[in-house]
Every structure is written in structure tokens, then in C-alpha cells.
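>>> Attaching a predicted model along with its sequence, questions to come.
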Amino acid sequence: MTSPLNGLAPLNGLGVIRVQGEDAAQFLHGQLTQDFLLLPPGQARLAAFLSAKGRMQASFIGWRQGDAEVLLVCSRDLLAPVLKRLSMFVLRAKARLSDATADFALWGLAGDAVQAAAGGAQAPWSRSDTPQGTLIHLYPAAGQPRALLVQPAGQPAPAGTALAPGLWEWSEVQSGVPTLTAPLAELFVPQMLNYESVGGVNFKKGCYPGQEVVARSQFRGTLKRRTYVAHAPEAVAVGAEVFAASDAEQPCGTVVQAAPAPGGGFDALVSLQVASTGEALRVGGPEGVPLALGDLPYALLEDI
């Protein structure tokens, strides 16, 4: 059976922050969960910007565009507040931050479209410059390779079959790698979204805001909350609370991402208390939409 996840889609919900100047990588190295100083040319990185309490204010896919420029792709609904917040910390660093969204066109490629653009799948976060633009390989979904194409504005759209509406969003859910959006700002430590297991946290780099909380969560005991792939028979909203059968008063989790499933119903990423995963779960309240957990498409770091 041919997968429906073959083609490309414009990613209008994403934006781009440009960081320019001789201290661009050094500045971001001190602000985000990733090492941008030693980032090689053929790699991109998943990263998070945290509050002092270790809660995620934004997530990024970032890469060095030369010695004095770093580009960060994030959810567009978070771009303006995060740009303002990051700019507050520049101080004497030789780095300038700006909204560069208008300078680029962003595309999601899946299946045959990745084959056409790159000759096949590569490891997640691999990066290459192609005639069409910068290509960043993402985590696969439903057995299909996926990639992010970042084109200079004004270039012809990439050739290929358009994905059916909502199918790219479904692939994001199936990949198990959440993108933080405005309803979720400051709710999660990175490990609650499995970021340490999908290349979103570097535990060997120097200090950054929230680092102590992240390190403590990782190295001092079992992580009590994780993100899981789930299915619901009807629509569920990002930010909606999840309840376990044993406690009708206190939510045990949150819907992180959701999209219509090709076979009907909705698939979702939900961040849940690990202790609740064996219970009957509902979204929105004890009598809300039932939720069935599935398997993550990757191993969690603590299980490797």
C-alpha cells in the first residue's frame, strides 16, 4: 500500500530568527540547550530556550550559516516574544537578532520528495546546501523520511506533489518530536517533551538559563513525565488537559500537538505523568474524549 505521506507542504506556521555578528554562535551557546560553538557545517540542531526555572519558552531548529550567522526556525506564534526576550540578553555581545521570516520560504518534504531533493534519507539533523536551499533531515514518520527545506524568498517552489491538508501536521505528531507553540510556553522542562532523547539537549556544554533544573531532572532520579503518541476518536486541542481514571480532580497531562489521522480520528502527542500511562485516559475532563496511547517511534535515552 502506498503511503499518503509522499510530497511537500508549505510551513506557514513557522518563522525564522537571524542572529548575526562575530559573537552569534557564542551568544546562542550561552542561551540555548545546544552547543552552537562546535556545530559542524553539515549539522543542524534541535534546541530550546528556557526560563530560569528550566521551562521551555520556545523550541528551535538551528544551524550556522557561515562564521557570523545562525538561523533559528521556530513556531511563528512565539517568534516575536522570544525575539524580544533573547535580545534582552545580548548586552555587550557582538550579535544582532532580527525577524528574518520574510527572507525565506519553508517547506516540509516527506517520502519521495526527500528522495528527489537529497537522494534519500539521512540521519536526523543532518544538513546540506542544495540548489533549492538548505535541507535539514528530520525524524521520520510512519516509515517515511522527512526534511525541512529552507529556501531564499522568491525562488520557485520545489517541484513535487502537494501533501493533503493536515498531513504534514500529522507527520509531526507521528515523528514524536514536538514543536513548542504559544499555548505551551513555560509549561515543560525539556525532558517532559523527550528532548534529551531526540537531540535537543547537550549535557556537556556550558551554562545556560535553566541548566541546573535540566541537569537535576536528568541525573537525580527517575523522570516522572514523558511525551507519548496517542489516538483519540475526535478532535483534541493543543493545551487541553488529560485526566486519568483514578483522579477526576487533578490533570495528569497535557495535549502538546494534534492532527487529523488519515484513518480517522485524531493523533496527538501528549505529555503525561509516567505513573498514569497504564490507566484509562480522557482529554478535557473525566468524561471527555478517550485517549489511547501508542508506541513512541524512538527509544528514550534512559532506556538505551
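Received the coordinates, thanks.
>>> Need the contact partners of stretch 209-222.
Contacts to stretch 209-222, defined as CB atoms under 8 Å, 6 or more residues apart in numbering, come from residues 31, 33, 49-55, 189-191, 196, 201, 203, 223, 274, 302. C-beta here means a position set from N, CA and C on the backbone, and glycine is covered the same way.
>>> just the helices in the protein please.
Using DSSP state H, the helices of the chain run over 24-29, 76-87, 112-118, 167-175, 211-219.
>>> Select, out of those helices, the one closest to Pro140.
Taking CB to CB, helix 167-175 is the member of the helices of the chain nearest to Pro140, at 6.7 Å.
>>> what sits up against that closest one?
Residues contacting helix 167-175 (CB under 8 Å, 6+ apart): 4-5, 7, 9, 11, 108, 110, 138-142, 144, 146, 178-179, 229, 257-262, 267-269, 297.
>>> Please repeat the previous calculation with a cut-off of 6 Å.
Applying CB atoms under 6 Å, 6 or more residues apart in numbering, the external contacts of helix 167-175 come out as 5, 9, 108, 110, 139, 141-142, 146, 257, 259, 267, 269.
>>> where's stretch 174-182 relative to the chain centroid, distance-wise?
4 Å (CA atoms, centre = their mean, to the nearest Å).
>>> mind listing what's buried in that stretch?
For stretch 174-182, a neighbour-count test (16 or more other CB atoms under 10 Å) marks 174-181 as buried.
>>> can you list the residues you listed in JSON lines and add pLDDT?
Shown next, in JSON lines, are these (pLDDT from 0 to 100):
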{"residue": "Gln174", "pLDDT": "98"}
{"residue": "Ser175", "pLDDT": "98"}
{"residue": "Gly176", "pLDDT": "98"}
{"residue": "Val177", "pLDDT": "98"}
{"residue": "Pro178", "pLDDT": "98"}
{"residue": "Thr179", "pLDDT": "98"}
{"residue": "Leu180", "pLDDT": "98"}
{"residue": "Thr181", "pLDDT": "98"}
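>>> Restricted to buried residues, select the contacts of stretch 209-222 in ChimeraX.
In ChimeraX, this line selects whichever of the contacts of stretch 209-222 come out buried by 16+ other CB under 10 Å:
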select :31,33,49,50,54,55,189,190,191,196,201,223
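>>> Of the contacts of stretch 209-222, which belong to strands?
Among these, the members falling in strands are 49-50 (criterion: DSSP state E).
>>> Would you state the strands of the stretch 51-200 of the chain in chain order?
56-64, 69-75, 96-99, 104-110, 127-130, 133-137, 146-152 (DSSP state E, counting those that start in this stretch).
>>> quick one, what contacts Ala232?
265-266, 289, 291.
>>> Nearest to Ala95 among those?
Using CB to CB, those come closest to Ala95 at Phe266, 40.9 Å.
>>> that older thread, of all the strands of the stretch 51-200 of the chain, which lies closest to Ala164?
strand 104-110 (11.1 Å).
>>> what lines up beside the closest one in the sheet?
strand 7-10 (antiparallel), strand 146-152 (antiparallel) (DSSP bridges).
>>> Pick the most buried one from those strands.
Stretch with highest mean neighbour count among the strands paired with strand 104-110: strand 146-152 (a mean of 21; mean count of other CB atoms under 10 Å).
>>> tell me how far it is from the chain's mean position?
For strand 146-152, the distance to the chain centre is 15 Å (CA atoms, centre = their mean).
>>> could you give the angle of it to strand 69-75?
On the basis of axes from the mean of the first three to the mean of the last three CA atoms, to 10 degrees, strand 146-152 is oriented at 120 degrees to strand 69-75.
>>> Go ahead and name everything in contact with strand 146-152.
Taking CB under 6 Å, 6+ apart as the rule, strand 146-152 contacts 104-107, 109-110, 114, 133-138, 140, 171.
>>> Compare the residues you listed and tell me which is most surrounded.
Leu109 (29 neighbours; other CB atoms under 10 Å).
>>> With the flanking residues excluded, which residue is spatially nearest to it?
In space, and not counting its chain neighbours, Leu109 is closest to Ala147: 4.5 Å by CB to CB, 6 or more residues apart in numbering.
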